[in-house]
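**Student:** Sequence and predicted structure, then a few things I'm wondering about:
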Amino acid sequence: MLTHLNAAPANPKRVVVIGAGGFVGSAIVAELGRAGVATLPLTRKEADLLAANGAEQVKAQLSPDDSVVFVSAIAPAKSVAQFMANLRMAEAATAAFAETPPAHLLYISSDAIYADEANPVTERSPVAPSTIHGMMHASRELIFRTEFHGPFVALRPTLIYGAGDPHSGYGPNRFRRQAAKGEPITIFGEGEEKRDHVAVEDVARLAVRILRHGSTGALNTVTGVATSFHDIAKLVAAQYDPPAEVKSLPRPGPRPHLLHRFFDITDCYKSFPDFHFEPLAQGLARVHRELSRV
């Protein structure tokens, strides 16, 4: 559960978003703007964390009273090279923070840090990732906790969807792209695996709340409702006229070990009792409307 250093929410003097050009980073920048928070968005153009002078580039942008959101990543990390690059990015950031410590650091992590057998998952579930991507986030959390000595919080989203997602990972974003091209929506097997999906806007709204409360600790960003990929595909298919076909494909390998993942979101309710996640069906319909206007 989070600890709020600010009993009453108050806007930080300024929030520096490192990784502002990405899917999640840009959503956080937009939400900070709606909340009236002074924001400095940093993309790779302003601060290249993989450059030889990456730490100096970040340091040049910081003031001691800044709050920082660190969301810059090569994601999903699928190779050892990508894993190591992500660690170098965290190393450059912590070197900059050592010279100019921010007032508050928020790291956008992932629920992939948890052990597969943790069901239901809570913020106290074992950190035992089974993928390179999960290990990357677990390692970066440890780096920040070890090297940064100010108030630190890790926000751990589950699978994220939204209109601006550039990825086509298995799930809502891929299904929508297939249907928009007039192709069948393809699922593996019967699509029986159940997963929690969260709108990127909800990730951003929680991030801004955490910044305004000066929160520390860790919080999972999950709705608490797991839906099968079959049902998600049907929801997306029904948004088209005529409805898109949902086609089952043979699995390329054995059925995944992690068939279902469920979350206990008690900590989120305790931290922010008035916060409500957007239901998946409602969120998918909203994304469809937004993209239809483009």
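**Tutor:** Okay, I see it. Numbers count the residues shown, from 1 in each chain.
**Student:** Excluding chain neighbours, what is closest to residue 255?
**Tutor:** Take residue 255 and drop its neighbours on the chain: the residue closest to it by CB to CB, 6 or more residues apart in numbering is residue 189, 6.6 Å away. For the C-beta atoms, the positions are set from N, CA and C on the backbone; glycine is no exception.
**Student:** Next one: that neighbour from residue 116, what distance?
**Tutor:** In this structure, residue 189 and residue 116 are separated by 18 Å, where distance is defined by CB to CB, to the nearest Å.
**Student:** Those two - which one has more neighbours?
**Tutor:** More crowded of residue 189 and residue 116, by other CB atoms under 10 Å: residue 116, with 17 against 14.
**Student:** I'd say the more buried one and residue 126 touch.
**Tutor:** No. Applying CB atoms under 8 Å, one finds residue 116 not in contact with residue 126, separated by 10.1 Å.
**Student:** tell me the mean pLDDT for stretch 205-224?
**Tutor:** Taken as a whole, stretch 205-224 has a mean pLDDT of 98.
**Student:** if we can go back for a sec, contacts only, for the residue nearest to residue 255.
**Tutor:** In this structure, residue 189 makes contact with 248, 249, 250, 251, 255, judged by CB atoms under 8 Å, 6 or more residues apart in numbering.
**Student:** what's around the residue nearest to the second one when sequence neighbours are not counted, how many residues?
**Tutor:** Setting aside the residues directly before and after it, residue 249 is nearest to residue 186 in space (CB to CB, 6+ apart), at 5.1 Å. The local packing of residue 186 (other CB under 10 Å) involves 16 other residues.
**Student:** who does residue 186 bridge with?
**Tutor:** In this structure, residue 186 has the following beta-bridge partners (DSSP bridges): residue 247.
**Student:** just checking, what's the longest helix in this protein?
**Tutor:** Using DSSP state H to define each element, the chain has its longest helix at helix 80-99.
**Student:** Would you mind listing the buried residues in the next helix or strand after it?
**Tutor:** Scanning forward in sequence from helix 80-99, with DSSP states H and E defining helices and strands, the next element found is strand 104-108. Applying a neighbour-count criterion of 16 or more other CB atoms under 10 Å, the buried positions in strand 104-108 are 104, 105, 106, 107, 108.
**Student:** got CSV for those residues, with pLDDT too?
**Tutor:** As requested, these are exported to CSV (pLDDT from 0 to 100):
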residue, pLDDT
104, 98
105, 98
106, 98
107, 98
108, 98
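**Student:** So which of the residues you listed is the closest to residue 77?
**Tutor:** Of all those, the one with the least separation from residue 77 (CB to CB) is residue 108, at 13.8 Å.
**Student:** show me what contacts the closest residue to that closest one other than its chain neighbours?
**Tutor:** With CB to CB, 6+ apart as the criterion, residue 108 has its nearest non-adjacent residue at 4.1 Å, and that residue is residue 71. Residues near residue 71 by CB under 8 Å, 6+ apart: 17, 18, 19, 20, 22, 24, 25, 28, 107, 108.
**Student:** Please flag which of those residues sit within strands.
**Tutor:** Counting by DSSP state E, the members of the contacts of residue 71 that fall within strands are 17, 18, 107, 108.
**Student:** now, the most widely separated pair of those residues?
**Tutor:** For the ones in strands among the contacts of residue 71, and using CB to CB, no pair is farther apart than 17 and 107, which are 12.0 Å apart.
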